[in-house]
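**Student:** Give me a 3D structure for the following:
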Amino acid sequence: MDAKTLTLLTQRRKRFAARGIAFAMASGVCYGLYTAFLTLAQTQGVWGDWFAGTSWGDGNPALSAFTITFALAALAAGLNDLFSGVWSLVVCAKNRQLGDLWKTVRTKPGIVMMLCAAIGGPFATICYVVALNSATAAGNPGVIVPIAALNCAIGAILGRILFKQKLDGHTVAGVIVCLLAGGLIGGASFASMGPGALMGCAFALLAAFGWGFEGCVAGFGTALIEYRIGIAIRQTTAGLLELLVVFPALMLLSGDSVGIGELLGAAVSSPSLAIFVVSGLFAMPAYSFWYKGNSMCGAALGMACNGMYAFWGPFFIWIIMGVLGIGGMSASYPPLSAIQWIGALIMVAGIFLIAVDPKSLFGHSKEA
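**Tutor:** Reported below is the predicted structural model:
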């Protein structure tokens, strides 16, 4: 191969990797937007009455604390993920991939993807929504997003424990940085918001465990499935499980007199449903761009770029619910404190450190 051809191939690879980084970074931005609109949707229409603990509809009694905390989280997660799945199916239809989608569902990688949906949906996503709602009640939902972003560090630890994956020095250092940043954010949240922040941070940590485990399991499936098809399977499965299995089960456990269909009907007929459509619209590229970016620039760098949602989540919650004044919040709705913003940025740096060896990044490795 002559020097000119080699140069052209190198340039092509660099452009391809740069596009992958752009996709992965866009996924982090979309994740922040999806989080903000999901939080906003639960302040509108009948959701506002439910969380305020007042009567709703035709004089229905206030819901129990269990229903408000857990069943409504499953309902919100289910609506978001199902709409995300519908958007994904529309994209597959546009690209004439519905036939391939049906074939993939019956394969081993397709089954693995549905297993990932069961881990990341009914468990991790519901825990994430519980955390958002708890932090919203305490004064600021943005503080739990960087805690949930610990899934990158937890995924690295679980990969070592479950699959004996090697942990390099920079990965261990990145995990330590992320844990320290999480402690900084959690401590500052507790100091400024009181005990109410503790529940939010605890459930955000559970969500991080769920997504970290999902990331370990998903490696096989996502490597063999086209990213549009993969996200359609993942989101549709998660949404159906949350709405048809987890939400009814939690309502039965709650002991509330209100019927499952009645609560679901009120949510579907509420004007806030349009906001869930928007949150689902952003949730779709949040995941699909992550898959796409990973396939183009490598899973490690793609994961690092996506992990910037530790910053974008609080940022867009602040913009939409504070600066724009939407969602019934006061005009002085607070952004993160200075310490919490610093903690979020440290978290982003730790995620990059987990994924990327600084020596190779700056050309100091032996290969360079």
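**Student:** What score does residue 336 have for pLDDT?
**Tutor:** With respect to pLDDT, residue 336 scores 67.
**Student:** Hmm, I typed the wrong one, I wanted residue 222.
**Tutor:** With respect to pLDDT, residue 222 has a value of 60.
**Student:** quick one: low-confidence parts of the stretch 51-200 of the chain?
**Tutor:** Applying pLDDT under 70 to the stretch 51-200 of the chain picks out residues 156, 159-160, 162-167, 186, 188-196.
**Student:** go on, the stretch 251-368 of the chain?
**Tutor:** Counting by pLDDT under 70, the stretch 251-368 of the chain contains low-confidence ranges at 291, 293-306, 327-336, 355-356, 360-368.
**Student:** 80 instead, please
**Tutor:** Low-confidence segments of the stretch 251-368 of the chain, defined by pLDDT under 80, span residues 288, 290-308, 310, 322-338, 340-341, 344, 347-348, 351-368.
**Student:** Can you name the residues that contact residue 344?
**Tutor:** Contacts of residue 344 were listed using C-beta atoms under 8 Å, 6 or more residues apart in numbering, and they are 145, 146, 181, 185, 310, 311, 314, 336. Using the backbone N, CA and C atoms, a C-beta is placed for each residue, glycine as well.
**Student:** any idea how far it is from residue 205?
**Tutor:** In this structure, residue 344 and residue 205 are 16 Å apart, going by C-beta to C-beta, to the nearest Å.
**Student:** sorry, back to before: quick check: of the contacts of residue 344, which lies closest to residue 59?
**Tutor:** Using C-beta to C-beta, the shortest approach to residue 59 within the contacts of residue 344 belongs to residue 145, at 37.0 Å.
**Student:** helix, strand or coil for residue 54?
**Tutor:** When classified by DSSP: H, G, I helix; E, B strand; the rest coil, residue 54 comes out as coil.
**Student:** Give me the number of neighbouring residues for it.
**Tutor:** Here the neighbour count serves as a burial measure; for residue 54 (other C-beta atoms under 10 Å) it reads 12.
**Student:** Need the nearest residue in space to it, chain neighbours excluded.
**Tutor:** Leaving out its chain neighbours, the residue that sits closest to residue 54 by C-beta to C-beta, 6 or more residues apart in numbering is residue 62, at 5.7 Å.
**Student:** mind listing what that neighbour touches?
**Tutor:** Going by C-beta under 8 Å, 6+ apart, residue 62 touches 53, 54, 55, 56.
**Student:** Can I get these in a markdown table including distance to residue 283?
**Tutor:** Putting the contacts of residue 62 into a markdown table (distance: C-beta to C-beta, whole Å) gives the following:
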| residue | distance to residue 283 |
| --- | --- |
| 53 | 28 |
| 54 | 29 |
| 55 | 32 |
| 56 | 26 |
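**Student:** picking that back up, can I take it that the residue nearest to residue 54 is in a helix?
**Tutor:** No: counting by three-state DSSP, residue 62 is not found in a helix; it is coil.
**Student:** what's the spacing between it and residue 256?
**Tutor:** Applying C-beta to C-beta, the value for residue 62 to residue 256 is 10 Å.
**Student:** Within its local environment, how many residues does residue 226 see?
**Tutor:** By other C-beta under 10 Å, the residues close to residue 226 number 18.
**Student:** what's near enough to touch it?
**Tutor:** By C-beta under 8 Å, 6+ apart, the neighbours of residue 226 are 97, 100.
**Student:** Distance of residue 343 relative to residue 206?
**Tutor:** Separation of residue 343 from residue 206 (C-beta to C-beta): 19 Å.
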